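*Asks:* From the sequence below, what's the structure:
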Amino acid sequence: MGAGVGFFLICLGGFMQGTFYVPMKYVSPWKWENIWLLYAFLALVALPVALAVITVPALADAMMFCSKRALMEVFVFGTGWGIGCVLSGLGVDRLGLAIGVSVLIGITAALGSLIPLVVNTPALVLEPKGLLVIASVATLLVGVILVAVAGKMRDRSRRETGQSGQKGSFAMGLAICILSGIFSSMLNLAFSFSNGVRDAVLMTGASQGGAQSVVWMVALGGGFIANFAYTFYLLHTKHTWSNFVMPKTWRFWIFGAGMAALWYFGMVFYGRGAGFMGQMGTVIGWPLFMASMIFFSSIWGFITGEWRNSSGAAKAMMVAGLAVLLVASGMLGATNSM
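*Replies:* Prediction:
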């Protein structure tokens, strides 16, 4: 029962995070830095702090009770993730929703799952359950490769028919997304290695959900630093601060709030779902979370016209990649039931 609930919550979180990029496609004449700063402040600062205050009545006491080392570890991992977060926005802007998210999430899934497996449960690595996790992640990566190949075929066919491709070169966008995936895996490391913070918060009488809220508040606070620094730099050098007060752009503020809510509560659902899965929740749940994000973001890529005028072969390759991702998700579900 608990494992099934965890599976559902993680997939729901993946749907929400696979959807949060969509409003970025509809905020012109705002620039990337405008919508990203609004989203980042709400998703990484405002919402985490608000939920922590609501779910941990004695939040100040709980923070004082945590050791500085435990808090710093979570914060540093969160800061590393923040670098990946900035890169993800740039990479997706160049590759498009379907391809950009698929590549960076594939790398994130592999590192974010295998590192906790090896560090937290080394005895299970060569056991059937651990081997199935590794096989599931390998299958997920095959799906990611197929999706990336489909994207390359798509861009080639669009150029041949005179259609404009994504912003910048495919190679540069791919490189950015790979780096983003490496850094972005640190968010699951922040959660996986946060027992020191969670245990301390629980000792103050908080619930499991409240303890998780504190972890996210600390990790995402670290992540906001890189997001704020880069967007501030762009807003200053490109003189785009004035876009925030442009007439007839009030709905962009709503889009930014929607992006933040989808992203943050998608992460909350992941945390709750992983908790239901027990000791290997972050090992099994993380690649499932990533696979769900890739699947749903790819579907949104089709819906929003990223594959319009692409070749039939490119679309078929993309469908094959999505099918492999579904297989990987099924394998993870089987792992969870072992």
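*Asks:* all contacts plus neighbour counts: C-alpha atoms, from now on.
*Replies:* Will do.
*Asks:* With residue 322 as the reference, measure out to residue 235.
*Replies:* Using Cα to Cα, to the nearest Å, residue 235 is found at 37 Å from residue 322.
*Asks:* ok, the two, which is more surrounded?
*Replies:* The neighbour comparison of residue 235 against residue 322 (other Cα atoms under 10 Å) goes to residue 322, with 24 against 18.
*Asks:* Just the element for that one, please.
*Replies:* Here residue 322 sits within helix 312-336, counting by DSSP states H and E.
*Asks:* Tell me the helices and strands packed up against that helix.
*Replies:* Counting contacts by 3 or more Cα pairs under 8 Å, 6 or more residues apart in numbering; DSSP states H and E, helix 312-336 is packed against helix 128-160, helix 281-303.
*Asks:* what residues does stretch 273-291 touch?
*Replies:* The contact list for stretch 273-291 (Cα atoms under 8 Å, 6 or more residues apart in numbering) reads 2-3, 5-11, 13-14, 105-106, 108-110, 112-114, 116-117, 121, 133, 137, 140, 188, 191-192, 270, 325-326, 328-329, 332, 335-336.
*Asks:* go with 6 Å
*Replies:* Residues outside stretch 273-291 that contact it (Cα atoms under 6 Å, 6 or more residues apart in numbering) are 2-3, 6, 9-10, 14, 105, 109, 113, 117, 329.
*Asks:* Including neighbour count, could the residues you listed go into JSON lines?
*Replies:* Below are the contacts of stretch 273-291 laid out as JSON lines (neighbours: other Cα atoms under 10 Å):
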{"residue": "2", "neighbour count": "12"}
{"residue": "3", "neighbour count": "18"}
{"residue": "6", "neighbour count": "24"}
{"residue": "9", "neighbour count": "23"}
{"residue": "10", "neighbour count": "29"}
{"residue": "14", "neighbour count": "28"}
{"residue": "105", "neighbour count": "30"}
{"residue": "109", "neighbour count": "28"}
{"residue": "113", "neighbour count": "26"}
{"residue": "117", "neighbour count": "22"}
{"residue": "329", "neighbour count": "26"}
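*Asks:* So of those residues, which two are at opposite extremes in space?
*Replies:* Largest separation among the contacts of stretch 273-291 by Cα to Cα: 2 and 105, giving 26.0 Å.
*Asks:* What residues does residue 145 make contact with?
*Replies:* Applying Cα under 6 Å, 6+ apart, no residues contact residue 145.
*Asks:* now the helices: where do they sit in the stretch 51-200 of the chain?
*Replies:* 59-65, 68-95, 97-120, 128-160, 170-184, 186-192, 195-202 (DSSP state H, counting those that start in this stretch).
*Asks:* now the stretch 1-150 of the chain, which segments are flagged as low pLDDT?
*Replies:* 1-2, 96-98, 101-102 (pLDDT under 70).
*Asks:* rewinding a little: of the helices and strands packed on helix 312-336, which stretch is the most buried?
*Replies:* helix 281-303 (a mean of 26; mean count of other Cα atoms under 10 Å).
*Asks:* how many other residues sit next to residue 260?
*Replies:* Neighbours of residue 260 under the rule other Cα under 10 Å: 25.
*Asks:* separation between it and residue 37?
*Replies:* 10 Å.
*Asks:* do the same with residue 21
*Replies:* The gap separating residue 21 from residue 37 is 14 Å, by Cα to Cα.
*Asks:* Phi, psi for residue 194 please.
*Replies:* phi -110, psi 20 (degrees, to the nearest 10).
*Asks:* Could you find the closest non-adjacent residue to it?
*Replies:* If the residues on either side of it in the chain are set aside, residue 194 comes closest to residue 74, at 6.3 Å by Cα to Cα, 6 or more residues apart in numbering.
*Asks:* Am I right that the one you found is in contact with residue 219?
*Replies:* Yes: using Cα atoms under 6 Å, residue 74 is in contact with residue 219, at 5.4 Å.
*Asks:* residues in contact with residue 220?
*Replies:* 44, 78 are the contacts of residue 220 under Cα under 6 Å, 6+ apart.
*Asks:* actually residue 223, sorry about that
*Replies:* 78-79, 81-82.
*Asks:* nearest spatial neighbour of it, skipping sequence neighbours?
*Replies:* Spatially, and ignoring its direct neighbours in sequence, residue 223 is nearest to residue 82 (3.6 Å; Cα to Cα, 6+ apart).
*Asks:* my guess is the one you found contacts residue 229, does it?
*Replies:* No: at 10.4 Å, residue 82 does not count as touching residue 229 under the criterion of Cα under 6 Å.
*Asks:* between these two, who's got more neighbours?
*Replies:* More crowded of residue 82 and residue 229, by other Cα under 10 Å: residue 82, with 29 against 12.
*Asks:* The more buried one and residue 298, how far apart?
*Replies:* Taken as Cα to Cα, the span from residue 82 to residue 298 is 23 Å.
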